[in-house]
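Participant: task: produce atomic coordinates for the following.
(2 chains)
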Amino acid sequence: MGTADIVIKFALVIIIFLISLVVAMYSTYAERKIAAFFQDRIGPNRAGPFGILQPLADGAKMFLKEEIIPANASAFLFIAGPSLAILTACIGSAVIPWGQKLTIGGHIVDLQVTDINVGVLYIFGVVSLGVYGVMIGGWASNNKYSLLGAIRAASQNISYEISMGLSIIALLMVTGTLSLREIAEQQHGFWSHGWFTWNFFRQPLGFLLFIVCAFAETNRTPFDLPECETELIGGYHTEYSSMKLGFYLFSEYINMFISGAVMATLYFGGYNFPFMDHIDSANWVTILGVIALFTKIFLFIFFFMWVRWTIPRFRYDQLMDLGWKVLIPLAIANIVITGLVITFK
Amino acid sequence: MESLSNKRKVIESKPLNFWERAYLPAIIQGLSITMKHFFRKPVTISYPEEKREFSENFRGMHSLKRDEDGRERCTACGLCALSCPAEAITMIAAERQKGEENLYREEKYAAVYEINMLRCIFCGLCEEACPKEAIYLDGDIVPADYLRKDFIYGKDKLVEPPLNQ
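Facilitator: Residues are numbered from 1 along each chain as shown, chains lettered A, B, ... in the order given. Got it, this is the predicted structure:
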């Protein structure tokens, strides 16, 4: 690995980091706008034209707010909680293939930070780490509402991780690899050998299970019980203020972005788009592929928000019922069906 | 018992069937409803730039009226203060001097006329009580302010501007 490669990788890491932050920032704006449109309102429109400077104003507000660490809170863990939340949210993007290879002046730039052969497992590891941020923050606040929120987050994430893992197993049986790059490459184009290449059309039930679990893992409505205002004030971030609260809210949006990217890569062809073989220039295919991937991610983020402003929150026992009594049996059935189809095809 | 209004509905609480228990059809139905709203025109009125029109019988800030010659109608009889259930109105009467006939219509007028807008409940009884048609609640919403003392409106804020202006 030469110096140029290291520089390129470093630049790529920074670009992806910045993109996730900007996307998360503008997701807050999009969330408010989309919520407004769903409720026949206008939404934020005062900061800049159409309110596009609203996220900057919100960020400035967050930074300038007073930092409050409760007297009986464990100060170190209280700060560690949101830091961990945003860290785990950010590192998930390392294995996602953002596009094919780009050739710039003799250098081949791989638009993926690292193509480890256990990419899917890595994503899972990061996702399951994500709950620690919430748990530590909730416990360190020394507040019963925060603690209840943290406990809810932990049990919910553990329950839904199981069915998420099981739904992935069926997908891995189809793909035969754990590398996200190879999974994306297998879904090349849109149509071949008389069937769609995208995994969604091979694993529709698996995708349904996965997206439900993704909602639960990112703590989005209808599974936002850890921060449910009506019962728990603010849930695990009740005691948080200033940018520490901002980090928690931010990590939720980064998680949404990353889970959108994961879903697009695993089930919707990643950077592949229809008729990509009809374009001659490889660089153009790559650039259009990146645009295609981001379009898919934004559609997923939109879907997340659409669902949030449609469906009311689950009751806690219903949440557990759904996770353990519906999703896990369905995921196991999905594995069995997939196995039968693969065997007898 | 026999229903008199015919509005009674019999509610059946049947157990949910399979599709109802499967959540998804209901969720899709809900999503389509919200999507319809997504493309609907917003009902928002961008307040400082646009204002919703008040209804005809809206009661806002008071104004003390002038007659057709531009003279103040109020004669400081105190009926408005008496009728006020919130005791928001006070006044001090004064006698009209020679040479002030173009300012005040009656021989007695209100030298000081104060309404405490924090006390006022905008019921309109002062308007009904006034024998001289001197007070009407035909103004705008009372604007916000910082100090309680600034909500006591005197004649400078209440009396209509002179006609010739």
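Participant: next, the buried residues of whichever helix or strand A:Val290 is part of.
Facilitator: A:Val290 belongs to helix A:282-308 when elements are defined using DSSP states H and E. By 16 or more other C-beta atoms under 10 Å in any protein chain shown, the buried positions in helix A:282-308 come out as A:285-290, A:292-294, A:296-298, A:300-301, A:304-308. Heads up, the C-betas are built off the backbone N, CA and C, glycines and all.
Participant: tell me, which of those make contact with chain B?
Facilitator: Intersecting the buried residues of helix A:282-308 with the surroundings of chain B, defined as C-beta under 8 Å from any C-beta of the partner chain, gives A:Trp306, A:Val307.
Participant: which residues touch the residue nearest the centre of chain A?
Facilitator: By C-alpha atoms, centre = their mean, chain A has its centre lying nearest to A:Ser259, at 2.2 Å. Going by C-beta atoms under 8 Å, 6 or more residues apart in numbering or on different chains, A:Ser259 touches A:Ala214, A:Glu217, A:Thr218, A:Phe300.
Participant: helix or strand: which one has it?
Facilitator: Counting by DSSP H and E, A:Ser259 is part of helix A:242-267.
Participant: by how many degrees do that helix and helix A:282-308 diverge?
Facilitator: Angle, helix A:242-267 to helix A:282-308, by axes from the mean of the first three to the mean of the last three C-alpha atoms, to 10 degrees: 120 degrees.
Participant: for the top helix by length along chain B, enumerate the helices and strands it packs against.
Facilitator: With secondary structure taken from DSSP state H, chain B has its longest helix at helix B:24-38. Under the contact criterion of 3 or more C-beta pairs under 8 Å, 6 or more residues apart in numbering or on different chains; DSSP states H and E, helix B:24-38 touches helix A:3-38, helix A:282-308.
Participant: now mean pLDDT and distance to B:Pro48 too, for these, in TSV please.
Facilitator: Listed next are the helices and strands packed on helix B:24-38 as TSV, based on pLDDT from 0 to 100; distance: least, C-beta to C-beta, whole Å:
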stretch	mean pLDDT	distance to B:Pro48
helix A:3-38	87	18
helix A:282-308	87	29
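Participant: A:Ala71: which of those is closest?
Facilitator: Of all the helices and strands packed on helix B:24-38, helix A:3-38 sits nearest to A:Ala71, with 30.7 Å by C-beta to C-beta.
Participant: touching chain B at all, that closest one?
Facilitator: Yes: residues of helix A:3-38 are located near chain B by C-beta under 8 Å from any C-beta, namely A:Ile34, A:Ala36, A:Phe37, A:Phe38.
Participant: give me the angle between that helix and helix A:242-267.
Facilitator: 100 degrees.
Participant: check which element follows helix A:3-38 along the chain.
Facilitator: helix A:54-64.
Participant: which residues does that following helix contact?
Facilitator: Contact with helix A:54-64 is made by A:25-26, A:28-29, A:32, A:44, A:46-48, A:242-243, A:245-246, as judged by C-beta under 8 Å, 6+ apart.
Participant: which parts of chain B sit against chain A?
Facilitator: B:27, B:30-31, B:33-35, B:37-38, B:40-44, B:46.
Participant: mind checking which of the helices and strands packed on helix B:24-38 is nearest B:Gly60?
Facilitator: Proximity to B:Gly60 (C-beta to C-beta) singles out helix A:3-38 among the helices and strands packed on helix B:24-38, at 29.4 Å.
Participant: could I get the buried residue list for stretch A:57-68?
Facilitator: Judged by neighbour count (16+ other C-beta under 10 Å), stretch A:57-68 contains these buried residues: A:Asp58, A:Met62.
Participant: buried set for the longest strand along chain B?
Facilitator: Assignment by DSSP state E gives strand B:108-116 as the longest strand of chain B. Under the neighbour-count criterion of 16+ other C-beta under 10 Å, strand B:108-116 has B:Tyr109, B:Ala110, B:Tyr113, B:Glu114, B:Ile115, B:Asn116 buried.
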